[in-house]
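J.: for reference, the sequence and a predicted model appear below.
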Amino acid sequence: MKSRFSLNLGKPFGIKVSVHWTFSLLIAWIVFISVSRGLGFEQIIMHILFILAIFGCVLLHELGHSLTAIKLGGKVQSITLLPIGGMANITEMPDKPKDEFIISAAGPLVNVVIAAVIWLYLSLVSPLDLGDLAYDMITRQNFLVMLLAANLFIVAFNLIPAFPMDGGRLFRSALSIKMSKLKATSIAKDIGQIFAIVFIFAGFFYNPFLIVIGFVIFLGAKGEYEMVKYHDILNNYTVKDIVKTDYEELDENESLGTAAEKLAHISTSGFVITSDGKYSGILTKNDLIRGLNNYGKEGQIKDAMGDPAEKVTAGMALFDVFKKMQMKRDDMVPVEENGKFTGVIDLEGINEFFMIQKAIR
């Protein structure tokens with residue numbers, strides 16, 4: 001997720017951590033519910049601190065996944081905290097089912113450790129009579145007990161065998177030992193979507209939040225399966241197999257009106273821009289539209305070009321490039337071979353290539 005939608009919290013262990021702006025809506029909702037119940041200022045603050053403590057545990061959960069992935073040879077770009085939980089952006093996941101199992105189990109294991117530490121503290125350092133505590137609100141007395149329960153709930157919820165929860169990945173990795181990853185993902189997807197439908201149905205009778213969770217599970221399962229299908233096909237090819245050497249070219253000093261007029265008569269994701277006859281950059285459709293809004297038809301192409309797209313090499317695995325383009329939201333990127341510009345590759349072309357190869361199979 002882009003930084004303008006998130007508040008950066010730092011880079012522990014070199015992993016960028018941020019909290020999405022929608023997290024503030026959760027805090028506002030907690031305050032609203034607390035006020036509606038007639039709670040005082042201290043009780044409201046305790047509820048807010050409790051939510052922050054839970055998300056601190058969620059962050060540790062995601063760090064458990066991330067650090068384990070790095071230890072096993074994966075790469076992690078960031079962790080984002082959302083109102084419905086955390087999301088670790090693991091850009092490279094080890095292929096072995098055993099490694100995926102270990103990485104998936106690491107997150108819930110962190111919450112088990114947190115719960116155990118709290119239990120030991122309450123048992124040995126600050127014993128409590130649980131029967132004397134009230135549980136209708138968060139107080140100083142029951143704070144740690146409720147946090148222990150919350151961590152156990154996080155473990156139980158994440159072990160549901162449905163994507164995007166850890167249980168779905170644990171289930172898929174176990175199945176992958178005996179079958180292909182694509183087939184294992186398909187089975188895990190189907191089971192996950194059954195859980196999603198149950199959550200959605202239950203949400204109409206018990207808690208509307210279950211409806212949101214159900215849709216997240218349903219779409220997460222579908223998205224995971226689609227990504228594995230892309231990997232199954234595209235990983236057998238390199239950029240060289242679909243690089244476009246016949247592309248539309250414009251000079252950076254030409255007007256945006258010229259680009260718009262040319263775009264109306266051709267099918268392309270963007271233009272290759274040159275300066276003095278040499279490659280200068282990429283102008284995508286979105287760049288052109290923003291440029292027309294900002295500078296009008298008389299504006300120059302060089303003023304509308306976005307940040308330089310990261311070049312890819314002809315020998316790179318096509319699936320890796322596809323993932324990177326999706327993550328960075330690049331519609332088109334330049335391709336080079338031996339340090340020289342040789343053509344372009346675009347998401348539309350990758351999707352068309354995928355559909356063709358899928359049909360051939």
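T.: Ah, there it is.
J.: and residue 64, that one's in a helix?
T.: Yes. With DSSP: H, G, I helix; E, B strand; the rest coil as the criterion, residue 64 is assigned to a helix.
J.: quick one: it and residue 104 touch, right?
T.: No. Assessed by CB atoms under 8 Å, residue 64 is found out of contact with residue 104, at 10.1 Å. C-beta coordinates here come from the backbone N, C-alpha and C atoms, glycine included.
J.: higher neighbour count, these two?
T.: The residue with more neighbours, out of residue 64 and residue 104, is residue 104; 26 against 21, by other CB atoms under 10 Å.
J.: check what pLDDT that one gets.
T.: On the pLDDT scale, residue 104 is placed at 91.
J.: that one - nearest residue in space that isn't next to it in sequence?
T.: residue 169 (3.9 Å; CB to CB, 6 or more residues apart in numbering).
J.: am I right that residue 39 sits in a strand?
T.: No. Counting by three-state DSSP, residue 39 is located in no strand; its state is coil.
J.: so which residues of the stretch 1-150 of the chain form helices?
T.: Ranges of helices in the stretch 1-150 of the chain, per DSSP state H, counting those that start in this stretch, are 23-36, 41-71, 97-120, 143-158.
J.: which helices and strands does the longest one pack with?
T.: Translated: helix 41-71. Counting by 3 or more CB pairs under 8 Å, 6 or more residues apart in numbering; DSSP states H and E, the packing neighbours recorded for helix 41-71 are helix 23-36, strand 75-82, strand 85-92, helix 97-120, helix 143-158.
J.: what residues does the last one touch?
T.: Think helix 143-158. Residues from elsewhere that reach helix 143-158, judged by CB atoms under 8 Å, 6 or more residues apart in numbering: 46, 49-50, 53-54, 57-58, 61, 107-108, 111-112, 114-115, 118-119, 121-122, 126, 128, 130, 133, 135, 138, 165-167.
J.: the same query, at a cut-off of 7 Å, please.
T.: 46, 50, 53-54, 57, 61, 107-108, 111-112, 114-115, 118-119, 122, 128, 130, 133, 138, 165-167 (CB atoms under 7 Å, 6 or more residues apart in numbering).
J.: and the second one, by the same measure?
T.: Taking contacts as CB under 7 Å, 6+ apart, the residues outside strand 75-82 that touch it are 1, 6, 15-20, 22-23, 55, 58-59, 62, 66, 69-70, 86-92.
J.: picking up where we left off before, can you give me the neighbour number for the residue nearest to residue 104?
T.: Around residue 169 there are 25 other residues, counting by other CB under 10 Å.
J.: quickly find the element holding it.
T.: Using DSSP states H and E, residue 169 maps to helix 166-176.
J.: coming back round to it: give me the buried entries from the contacts of strand 75-82.
T.: Buried residues within the contacts of strand 75-82, counting neighbours by 16 or more other CB atoms under 10 Å: 6, 15-20, 23, 55, 58-59, 62, 66, 69-70, 86-90.
J.: ok so, going back, alpha carbons of the helix holding residue 169, as PDB, please.
T.: C-alpha atoms of helix 166-176 as PDB (Å, rounded to 0.1, in the frame of the first residue of the first chain):
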ATOM      1  CA  ASP A 166      -2.500 -18.800   8.400                       C
ATOM      2  CA  GLY A 167      -4.600 -21.900   8.600                       C
ATOM      3  CA  GLY A 168      -5.200 -21.800   4.900                       C
ATOM      4  CA  ARG A 169      -1.500 -21.800   4.200                       C
ATOM      5  CA  LEU A 170      -0.800 -24.500   6.700                       C
ATOM      6  CA  PHE A 171      -3.500 -26.600   5.100                       C
ATOM      7  CA  ARG A 172      -2.200 -25.900   1.600                       C
ATOM      8  CA  SER A 173       1.400 -26.600   2.500                       C
ATOM      9  CA  ALA A 174       0.400 -30.000   4.100                       C
ATOM     10  CA  LEU A 175      -1.600 -30.900   1.000                       C
ATOM     11  CA  SER A 176       1.300 -29.800  -1.300                       C
END
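J.: following element in sequence after it, please.
T.: Heading C-terminal from helix 166-176, the first helix or strand you meet, by DSSP H and E, is helix 181-203.
J.: follow-up on the earlier one: residue 261 is nearest to which of the helices of the stretch 1-150 of the chain?
T.: In terms of CB to CB, the element of the helices of the stretch 1-150 of the chain nearest to residue 261 is helix 23-36, at 44.1 Å.
J.: give me the buried positions along the closest one.
T.: Residues of helix 23-36 classed as buried: 23, 30, 34 (neighbour count, 16+ other CB under 10 Å).
J.: between the residues you listed, which is closest to residue 222?
T.: Residue 222 has its nearest neighbour among these in residue 23, at 25.2 Å by CB to CB.
J.: separation between that closest one and residue 211?
T.: Separation of residue 23 from residue 211 (CB to CB, to the nearest Å): 20 Å.
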